[in-house]
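# with the sequence up front, the predicted model follows.
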Amino acid sequence: MQVYEPDIEKVLLTEAQIQAKLVEMGEQITQDYADRSILLVGVLKGAFVVMADLARNIRLPIEFDFMAISSYGAATRSSGVVRILKDLDHDLDGIHVLVVEDIVDSGLTLKYLLKNLAARKPASLEVAALLRKVGIQKVDLDIRYVGFDIPNEFVVGYGLDFAEKYRNLPYIGTLKPAAYGGG
Ligand code: IMP
Ligand code: MG
């Protein structure tokens with residue numbers, strides 16, 4: 001029995017739907033990159049769940065690397081400025097880089113990150129995001145692989161947290177108002 005279950009208002013994407021989509025995305029990536037090797041770059045912490053399952057559906061040589069970033073306050077966040085708390089271990093020069101994201105919301109974090117990574121001269125730089133909230137991206141972003149377009153609701157599970165909880169749910173859902181701590 002899932003201990004968090006009473007906090008969930010509704011399930012938006014079931015475990016089976018997510019896993020089926022990751023098989024599709026993995027097959028597409030396997031075809032697109034043919035016999036090249038890829039460096040998967042994950043942004044901590046949310047991306048680690050998607051990354052683990054997506055990678056097992058890609059039939060190519062893969063290496064993994066992670067970045068940790070933090071945005072400052074709400075004001076700075078809207079400018080898209082983020083601070084790198086942990087940088088990559090890999091040198092990206094000449095490497096095929098695929099950034100794996102759990103969710104693209106405003107897109108500001110990703111925009112900043114892509115600019116930063118592009119400056120390191122990778123052979124290619126693409127993005128695979130499991131979720132994209134529709135109609136609210138503040139910046140123009142070319143996301144090569146998108147799992148699901150979802151409505152603009154706050155979701156948890158499958159790597160996504162509220163106050164660091166719920167990342168381990170195998171599905172994606174919304175929270176009951178009481179679970180936000182308001183009562
Ligand atoms: P963006 O810069 O607005 O695109 O924010 C992206 C980051 O915000 C994601 O990587 C998540 O960590 C977080 N985020 C955005 N929407 C949600 C959500 O619905 N649930 C949980 N985290 C979210
Ligand atoms: Mg978060």
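Sure, I can see it. Ligands and ions are numbered 1, 2, ... in the order given.

# my guess is Asp105 contacts Ala129, does it?
No: look at Asp105 against Ala129 with C-beta atoms under 8 Å: they stay out of range, at 10.2 Å. Using the backbone N, CA and C atoms, a C-beta is placed for each residue, glycine as well.

# poorly predicted segments of this protein, please.
1-3, 71-80, 182-183 (pLDDT under 70).

# do that again at 50, thanks
Applying pLDDT under 50 to the chain picks out residues 75-77.

# spell out which residues of it are next to ligand 1.
Counting by C-beta under 6 Å from any ligand atom, the chain comes close to ligand 1 at 46, 102-110, 154-156, 160.

# how about 5 Å then?
Taking C-beta under 5 Å from any ligand atom, the part of the chain that reaches ligand 1 is made up of 46, 103, 105-109, 154-155, 160.

# of all these, which two lie farthest apart?
Greatest spatial distance among the residues of the chain next to ligand 1 (C-beta to C-beta): Leu108 and Val155, at 18.2 Å.

# pull the longest helix from this structure.
helix 15-32 (DSSP state H).

# buried subset of the residues of the chain next to ligand 1 as a ChimeraX selection?
The buried subset of the residues of the chain next to ligand 1, as determined by 16 or more other C-beta atoms under 10 Å, is captured in ChimeraX by this line:
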select :46,103,105,106,107,108,109,155,160
